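1. Here is my input; please provide its structure:
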Amino acid sequence: MDTTQVTRLLHAWRDGDRDAEEHLLRLVYDELHAIAESRMRREADGHTLQSTALVHEAYVRLAGADVAWADRSHFFAAAARAMRRVLTDHARARRRGKRGGALNQVTLANLPAAEPGDPLDLVALDEAIEELAAQDRRKASVVELHYYAGLGYDEVAEALDISPATVHRDLRMARAWLNDRLR
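-> The predicted structure is shown next:
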């Protein structure tokens with residue numbers, strides 16, 4: 001994907017160009033869908049939300065937001081955050097009994113400190129990330145960009161204007177903190 005083209009389209013969309021928005025959606029849809037599929041693979045079997053619905057709901061939230069898009073990384077970070085919110089809202093609704101009443105369980109399969117297949121309550125995970133953000137916004141942002149947006153260390157580093165080594169350290173600390181918090 002051409003990063004410059006995505007950034008140009010984001011700026012044109014921000015300036016009111018509806019054609020740019022449509023072209024942007026066609027350009028980023030497959031990558032957004034891949035992120036959603038990755039997120040859904042970590043969900044419990046029988047989850048009622050499908051990856052396509054997750055992409056569409058997240059995109060609706062992004063399209064309705066008044067954001068001054070900086071670049072591709074900013075957009076995908078916001079998309080990952082929107083997907084996280086959609087999944088969390090879905091889990092909260094299920095918890096309240098609107099969609100069956102059972103807790104929505106996810107695993108942190110990509111967090112090396114977590115036991116593979118160890119189920120976690122998505123609402124508890126969201127609350128833990130919010131608590132981490134209150135203590136250290138950068139570490140929470142690194143977690144969101146890497147695990148939710150699927151950005152690599154170099155891309156996270158670029159998006160947050162830090163070094164890849166700092167990304168690595170922040171992820172190690174955040175993993176340990178989240179694992180401790182969620183035990």
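
2. element containing the closest residue in space to Ala65 that isn't next to it in sequence?
-> The spatially closest residue to Ala65, leaving aside those adjacent along the chain, is Ala78, at 7.4 Å (C-beta to C-beta, 6 or more residues apart in numbering). (C-beta placed from N, C-alpha, C; glycine too.) Taking DSSP states H and E as the definition, one finds Ala78 inside helix 72-95.

3. Now do the helices in this protein.
-> 3-14, 18-41, 51-64, 72-95, 122-135, 137-143, 153-160, 164-182 (DSSP state H).

4. Kindly reformat those as JSON lines containing mean neighbour count.
-> Shown next, in JSON lines, are the helices of the chain (neighbours: other C-beta atoms under 10 Å):
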{"stretch": "helix 3-14", "mean neighbour count": "17"}
{"stretch": "helix 18-41", "mean neighbour count": "16"}
{"stretch": "helix 51-64", "mean neighbour count": "17"}
{"stretch": "helix 72-95", "mean neighbour count": "20"}
{"stretch": "helix 122-135", "mean neighbour count": "16"}
{"stretch": "helix 137-143", "mean neighbour count": "20"}
{"stretch": "helix 153-160", "mean neighbour count": "19"}
{"stretch": "helix 164-182", "mean neighbour count": "17"}
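
5. Let me have these in a markdown table, extended by mean pLDDT.
-> Formatted as a markdown table, the helices of the chain follow (pLDDT from 0 to 100):
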| stretch | mean pLDDT |
| --- | --- |
| helix 3-14 | 88 |
| helix 18-41 | 86 |
| helix 51-64 | 87 |
| helix 72-95 | 84 |
| helix 122-135 | 88 |
| helix 137-143 | 92 |
| helix 153-160 | 87 |
| helix 164-182 | 92 |
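
6. re earlier: tell me the angle the helix holding Ala78 makes with helix 153-160.
-> With axes from the mean of the first three to the mean of the last three C-alpha atoms, to 10 degrees defining the directions, helix 72-95 sits at 90 degrees from helix 153-160.

7. In the protein, which residue is most central in space?
-> With distances taken as C-alpha atoms, centre = their mean, Ala80 lies nearest the centre of the chain, 2.4 Å away.

8. need the contact list for it.
-> Ala80 sits next to Ile35, Glu144, Leu145, Tyr148, Ala149, Gly150 when contact means C-beta atoms under 8 Å, 6 or more residues apart in numbering.

9. Quick one: residues contacting Val28.
-> Contact analysis of Val28 by C-beta under 8 Å, 6+ apart lists Met1, Val6, Phe75, Phe76, Ala79.

10. Let me know the closest of those residues to Pro164.
-> Among the contacts of Val28, Phe76 lies closest to Pro164 (C-beta to C-beta), at 17.4 Å.

11. now the closest one: how far from Arg172?
-> Here the criterion is C-beta to C-beta, to the nearest Å. By it, Phe76 lies 23 Å from Arg172.

12. Equivalent analysis for His23, please.
-> His23 is 39 Å from Arg172, where distance means C-beta to C-beta.
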